[in-house]
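Engineer: no FASTA, just this:
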């Protein structure tokens, strides 16, 4: 903004100087040329009188005599009545030379010439002050423009910094009042937004704390009960094993509650570590296979070479859990899960054999619920978790229902917003899946 204001003021000054200076320069050049013509005319008349008097006195007209009458850049040619020629000064041959010729009373002519270079030099000297004044005005305008631009841009720079702090979650921004009406209106709007956001975040934190207590208390109580049951002597070994497995699931549920609540508070989900997505998918599939078998469904892991990622494992597992639960509850046929490396992207795929009947609206709240056989809030939460990982959860362009979690590859800061590629998935009969990103990009995301 500051540079644009300076450029605008300097440009306006240059325009005004040009509108005045260019016509003035032409006028000044014409004036100097007219004055030089008048001078050479007077010189020619004076020279005619001097030579006529000298001829009357029978005195010779020599080159030395004529040279004493010359000015800078002039030459004289005297042709006597007997056709003899006397010259003084270097003859000028330029097209812009000023030439005056006079006839003498006793016969003969005298010609005086002034070089055009001398005229141009005097025009340049006359224009030099005008040019210096113009350059000085431009320099003054640049200095004034810089001071004014700095004064005008400072409030907007402070407002931009305050808006950046608001975007980063800092709502204790204090903004001064400004004399510029536009800046003052923006500042007032930011103050109101800061106060409202601060209150909203405070209420959400209180709500998250209450929810955390309400959720963790029964989960902890249930885990303690199961732990006691597993340690009773009367409990059969097979039942104790199932109880121990259930306690592991409760621990995972407790961790998931913690991470989701931290996500709702805007906190970090944990520290990113190097993980093999293919192995992570395989472990999750192994945990879900029994539930699929109880439902009469087949869940297949499509193993590949290690797909290394630098992510927080917890949210990735939660997204896979949501996708597997969604495929079990709403999909049909065999379900295939796997991971692939695609250049700057890493793909985690969960595909079933059911026909695709929904679009990207499935990630929005309110598109379905449990009673209407919809997909509920699970996919919405999974989409938000994917975003917290700097990734995307998308529905692939395939005939069957195929979800793809797109994550940035190691070294890539994030999946750039608005450039998520289309992905197509081929699921073979043997349970393998191949994901291919299209060259074209689309303007969408969770």
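Structural biologist: The structure has been received and is ready for your questions. Owing to the predicted nature of the structure, the values given are computational and were not obtained by experimental measurement.
Engineer: make it CA atoms for all contacts and neighbour counts henceforth
Structural biologist: Noted.
Engineer: helix, strand or coil for residue 346?
Structural biologist: When classified by DSSP: H, G, I helix; E, B strand; the rest coil, residue 346 comes out as strand.
Engineer: that one - how many residues pack around it?
Structural biologist: 22 (other Cα atoms under 10 Å).
Engineer: surely it meets residue 410?
Structural biologist: No. Applying Cα atoms under 8 Å as the test, residue 346 and residue 410 come out as separate, 9.1 Å apart.
Engineer: overlap of the contact sets of these two?
Structural biologist: Common neighbours of residue 346 and residue 410, counting by Cα atoms under 8 Å, 6 or more residues apart in numbering, are residue 309.
Engineer: wait, what's in contact with the residue lying closest to residue 162 once chain neighbours are set aside?
Structural biologist: Leaving aside its chain neighbours, residue 162 sits nearest to residue 173 (6.3 Å; criterion: Cα to Cα, 6 or more residues apart in numbering). Shown in contact with residue 173 (Cα under 8 Å, 6+ apart): 162, 165, 166, 191, 194.
Engineer: can you classify residue 173 as helix, strand or coil?
Structural biologist: Residue 173 ends up coil, using three-state DSSP.
Engineer: from here on, call the first residue 414.
Structural biologist: In the new count, where the first residue is 414, that last one comes out as residue 586.
Engineer: distance of it relative to residue 572?
Structural biologist: 10 Å (Cα to Cα, to the nearest Å).
Engineer: same for the longest helix that the chain contains, what does it pack against?
Structural biologist: Secondary structure of the chain per DSSP state H: the longest helix is helix 415-469. For helix 415-469, the packing partners by 3 or more Cα pairs under 8 Å, 6 or more residues apart in numbering; DSSP states H and E come out as strand 511-516, strand 522-527, helix 529-580.
Engineer: nearest to residue 424, out of these?
Structural biologist: Nearest to residue 424, of all the helices and strands packed on helix 415-469, is helix 529-580, at 8.8 Å by Cα to Cα.
Engineer: how far off centre is the next helix or strand after that closest one?
Structural biologist: Where DSSP states H and E defines the elements, the next helix or strand beyond helix 529-580 is helix 594-644. Helix 594-644 has its C-alpha centroid displaced from the chain centroid by 34 Å (Cα atoms, centre = their mean, to the nearest Å).
Engineer: got the angle between helix 594-644 and helix 529-580?
Structural biologist: Helix 594-644 and helix 529-580 meet at an angle of 40 degrees, taking axes from the mean of the first three to the mean of the last three Cα atoms, to 10 degrees as the criterion.
Engineer: continuing past helix 594-644, what's the next helix or strand?
Structural biologist: helix 650-677.
Engineer: counting by contacts, list what that following helix packs against.
Structural biologist: helix 594-644, helix 726-743.
Engineer: at 7 Å instead, please
Structural biologist: helix 594-644 (3 or more Cα pairs under 7 Å, 6 or more residues apart in numbering; DSSP states H and E).
Engineer: distance of the residue nearest to residue 575 relative to residue 574?
Structural biologist: For residue 586, the distance to residue 574 - Cα to Cα - is 10 Å.
Engineer: just for the stretch 614-763 of the chain, where's the confidence low?
Structural biologist: 625-626, 669, 672-684 (pLDDT under 70).
Engineer: run the last query once more with 80
Structural biologist: 614-615, 617-630, 632, 658, 661-662, 665-684 (pLDDT under 80).
Engineer: circling back: distance of the residue nearest to residue 575 from residue 565?
Structural biologist: Remark: distance between residue 586 and residue 565 (Cα to Cα) = 21 Å.
Engineer: looking at the helices and strands packed on helix 415-469, which is nearest to residue 468?
Structural biologist: strand 522-527 (12.4 Å).
Engineer: ok, the closest one: who's next to it in the sheet?
Structural biologist: strand 487-492 (antiparallel), strand 511-516 (antiparallel) (DSSP bridges).
Engineer: just give the number of residues close to the residue lying closest to residue 597 once chain neighbours are set aside.
Structural biologist: Once flanking residues are discounted, residue 597 sits nearest to residue 591: 5.2 Å by Cα to Cα, 6+ apart. Using other Cα under 10 Å, residue 591 has 15 neighbouring residues.
Engineer: the inter-axis angle of the strand or helix carrying residue 697 versus helix 726-743?
Structural biologist: Taking DSSP H and E as the criterion, residue 697 maps to helix 690-707. Angle of helix 690-707 versus helix 726-743, following the same axes, to 10 degrees, is 30 degrees.
Engineer: would you list the phi and psi of residue 589?
Structural biologist: phi -80, psi 170 (degrees, to the nearest 10).
Engineer: rewinding a little: the helix or strand following the helix holding residue 697 pairs with which strands?
Structural biologist: On the C-terminal side of helix 690-707, the nearest following helix or strand under DSSP H and E is strand 712-715. Paired strands of strand 712-715, with direction, are strand 748-755 (parallel) (DSSP bridges).
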